[in-house]
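In: quick one, what's the 3D model for this:
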Amino acid sequence: MHGAGKCPSNQKKTRLDRLAAKLLSIDVEYTSFDRLKKPAAATSSNNNTNLIAKLPQMYQLPTEICLIDSNKNVLLHTYCNPVVDDASEDSSSPSSTSLSPYSHYKGGRHPSRWSQAPPLATIRSQLSTFIQGAPLVGHNLKKDLKALGLHHPDKLCYDTMHYFKYRTLKRLAAELLGREIQGGDNGVHDPLEDATAVMDIYLQYVHYNKENMGYEDLVEVYLSEIGGGGEGDRREEEWE
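Out: Below you'll find the predicted structure:
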C-alpha cells in the first residue's frame with residue numbers, strides 16, 4: 001500500500017481534509033487475569049463465584065485509555081477501574097470482589113495502578129461526550145469499543161487493522177513510521193504513544209491513499225489538484 005501526502009496548503013480544502021481535522025484516535029490498555037479454579041468450599045449461592053465461573057480461563061479488562069485529536073492534543077488520558085460497577089451493568093463482567101480470590105493477575109497494567117481510579121462507567125461517559133459525532137481511528141478499534149461498552153456508528157469508525165491485516169501496531173510503526181513503540185516491560189504499552197502512532201499511520205498511509213477513496217472523493221481531490229476547488233460540501237453534513 002502506498003502512502004499519500006496531504007493536500008498542499010495552497011489548495012482548497014477537500015472533504016477529506018475537513019474530515020482529517022476532526023479525527024480522534026483512541027488507544028486502550030488492558031490488565032490480563034487468569035481465572036483460578038473455584039474452591040470446593042464455594043457454594044452455588046455465591047453470585048460472584050458464579051460470575052467468575054462464566055469467564056474464560058484468561059481474560060482482559062480495560063484499565064487505561066488515551067484519546068487524542070488530529071493535532072496530537074490529549075483530550076483524555078486516564079486509568080479506570082473496570083470492576084467496581086460493571087457487574088450491575090453487564091452480567092458478563094466480573095464484580096470488584098470477584099477478582100479475588102478466584103482471579104490471578106497475569107500482565108498489563110497492575111491493579112495497584114488503577115484500583116483507586118474512577119469507575120469505567122465514569123470514563124465511558126466522558127469518552128461518549130468526546131467522540132459523539134466524530135470520526136474515530138484505532139488499531140483493533142472494534143475490540144476497544146466493545147471492552148469499553150461504547151457504541152459508535154460504523155461510518156465513523158476507521159480501523160488501521162482493516163487496512164493492514166495480520167500486522168501489529170508495533171510492526172506498522174517500525175515499517176511505516178520508522179518508530180519504535182511498545183518497548184515497556186511486562187508487555188506494558190504507552191497508550192499516548194500508541195494513539196499517536198495510529199493517527200500518523202492512518203493519515204499518512206490510509207486517509208489520503210487514492211486506493212481507499214470513493215468516486216466523489218477522487219473527483220474532488222482531482223479538481224483540487226488542478227485548481228478547480230472542492231465539491232464535497234454537500235457530504236460534510238454526514239460527519240456533523
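In: can you count the residues close to the residue nearest to H151 when sequence neighbours are not counted?
Out: Ranked by Cβ to Cβ, 6 or more residues apart in numbering and with sequence neighbours excluded, the top spatial neighbour of H151 is L145, at 7.2 Å. To be clear about C-beta, it is placed using only N, CA and C from the backbone, and glycine gets the same treatment. The number of residues packed around L145, counting by other Cβ atoms under 10 Å, is 20.
In: so where's the protein uncertain?
Out: 1-11, 36-56, 85-102, 184-188, 228-240 (pLDDT under 70).
In: which residues touch the residue nearest to H151?
Out: Taking Cβ atoms under 8 Å, 6 or more residues apart in numbering as the definition of contact, the neighbours of L145 are G138, H151, H152, C157.
In: out of those residues, which end up buried?
Out: Using 16 or more other Cβ atoms under 10 Å as the burial test, those include G138, H152, C157 as buried.
In: so the second one touches G133, yeah?
Out: No - under the criterion of Cβ atoms under 8 Å, H152 makes no contact with G133, lying 9.7 Å away.
In: hang on, the earlier thing: separation between the residue nearest to H151 and C66?
Out: Here the criterion is Cβ to Cβ, to the nearest Å. By it, L145 lies 14 Å from C66.
In: likewise E225?
Out: In this structure, E225 and C66 are separated by 35 Å, where distance is defined by Cβ to Cβ.
In: and the helices in the chain?
Out: Taking DSSP state H as the test, the helices found in the chain are 15-22, 47-53, 86-89, 111-114, 120-131, 141-148, 160-163, 169-172, 191-202, 215-225, 233-236.
In: list the buried residues in the fifth one.
Out: The neighbour-count check on helix 120-131 (16+ other Cβ under 10 Å) flags L120, A121, I123, R124, Q126, L127, I131 as buried.
In: so what's H139 up against?
Out: D27, D159, T160, M161, L169, L172, D194, V198.
In: kindly indicate which of the buried residues of helix 120-131 lies nearest T31.
Out: L120 (11.8 Å; Cβ to Cβ).
In: what about stretch 108-121, distance to the chain center?
Out: Its chain's C-alpha centre lies 18 Å from the corresponding centre of stretch 108-121 when counted by Cα atoms, centre = their mean, to the nearest Å.
In: just the CA trace of it, in CSV.
Out: Once side chains and other backbone atoms are set aside, the C-alpha atoms of stretch 108-121 remain, and they are given as CSV (Å, rounded to 0.1, in the frame of the first residue of the first chain):
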residue,chain,number,x,y,z
GLY,A,108,-0.5,-5.5,31.7
ARG,A,109,-1.4,-2.6,34.0
HIS,A,110,-1.0,-3.8,37.6
PRO,A,111,-4.2,-3.5,39.7
SER,A,112,-2.3,-1.2,42.1
ARG,A,113,-2.3,1.4,39.3
TRP,A,114,-6.0,1.5,38.8
SER,A,115,-7.7,0.2,41.9
GLN,A,116,-8.3,3.7,43.1
ALA,A,117,-9.1,5.2,39.7
PRO,A,118,-12.6,6.4,38.6
PRO,A,119,-15.0,3.7,37.6
LEU,A,120,-15.1,2.6,34.0
ALA,A,121,-18.7,3.9,33.8
